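1. just coords:
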């Protein structure tokens with residue numbers, strides 16, 4: 001009598017291990033997003049504490065490039081829409097739509113990074129020159145780093161789609177990527193509102 005062979009489920013198949021991975025990755029992004037929210041919230045609290053303290057808050061002669069900052073916010077929201085477009089294409093099996101969504105998201109995220117770098121270089125003060133400068137540079141630098149991470153994740157997931165390795169069987173990958181970009185975009189919107197709206 002032949003002994004039955006035991007084998008792990010194949011990639012993209014079914015089984016308890018696969019189901020666990022499908023729920024774990026998006027959950028990990030959500031937990032990471034909670035950590036990002038805590039960090040950004042702490043920086044905003046420090047900013048508001050400095051603002052309410054007696055004495056000079058914003059260095060004299062500092063101007064705000066509200067146009068670029070507002071354009072960045074619109075770009076971030078547009079990328080939130082296009083990454084969901086890519087997710088929709090994967091979920092429905094519309095590969096062309098998914099690839100187009102990935103491509104537009106990468107372009108928007110790249111444009112965002114370029115404009116944010118420009119915005120940082122155009123600040124009328126140096127990092128560490130005052131408490132205000134330190135907090136502002138930290139918030140903008142954190143936003144830049146988060147966008148780099150988000151763009152990297154979108155590119156990696158998009159390459160899986162290009163290689164026919166992204167289907168409804170591993171939809172959790174695009175779902176986690178979309179959640180990550182939403183975290184990145186919301187973090188920027190919080191920074192934008194604090195620095196460029198409330199002032």
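-> Great, that's in hand. What you are looking at is a predicted structure, and each value in this text was computed from that prediction instead of being measured.
2. nearest residue to residue 148 other than its sequence neighbours?
-> residue 113 (6.9 Å; CB to CB, 6 or more residues apart in numbering). Every C-beta, even on glycine, is put in place using the N, C-alpha and C of the backbone.
3. buried stuff in the strand or helix carrying the one you found?
-> Using DSSP states H and E, residue 113 maps to helix 95-121. Buried positions in helix 95-121, judged by neighbour count with 16 or more other CB atoms under 10 Å: 98-99, 101-106, 108-109, 112-113, 115-116, 119.
4. just the mean pLDDT for it, thanks.
-> Helix 95-121 shows a mean pLDDT of 96.
5. who are the packing partners of it?
-> Contact partners of helix 95-121 among helices and strands, from 3 or more CB pairs under 8 Å, 6 or more residues apart in numbering; DSSP states H and E: helix 66-92, helix 131-162, helix 171-192.
6. now the shortest one and helix 95-121, what's the angle there?
-> Between the axis of helix 171-192 and that of helix 95-121 there is an angle of 30 degrees, by axes from the mean of the first three to the mean of the last three CA atoms, to 10 degrees.
7. cool, and the second one?
-> Direction vectors for helix 131-162 and helix 95-121, defined by the same axes, to 10 degrees, enclose an angle of 160 degrees.
8. by contact count, what packs against helix 131-162?
-> Judged by 3+ CB pairs under 8 Å, 6+ apart, the packing partners of helix 131-162 are helix 16-52, helix 66-92, helix 95-121, helix 171-192.
9. hang on, the earlier thing: tell me the two of the buried residues of helix 95-121 that are most distant?
-> Based on CB to CB, the longest span within those runs between 98 and 119 and measures 31.2 Å.
10. just send the helices and strands packed on helix 131-162 back as a markdown table, with distance to residue 149 too.
-> What follows is the helices and strands packed on helix 131-162, written out as a markdown table (distance: least, CB to CB, whole Å):
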| stretch | distance to residue 149 |
| --- | --- |
| helix 16-52 | 10 |
| helix 66-92 | 14 |
| helix 95-121 | 10 |
| helix 171-192 | 7 |
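11. of all those, which one is nearest residue 162?
-> Per CB to CB, nearest to residue 162 of these: helix 95-121, 6.7 Å.
12. relative to the whole chain's centre, how far out is that closest one?
-> Distance of helix 95-121 from the chain centroid (CA atoms, centre = their mean, to the nearest Å) equals 11 Å.
13. give me the angle between the helix holding residue 113 and helix 66-92.
-> If you take the same axes, to 10 degrees, helix 95-121 sits at 160 degrees to helix 66-92.
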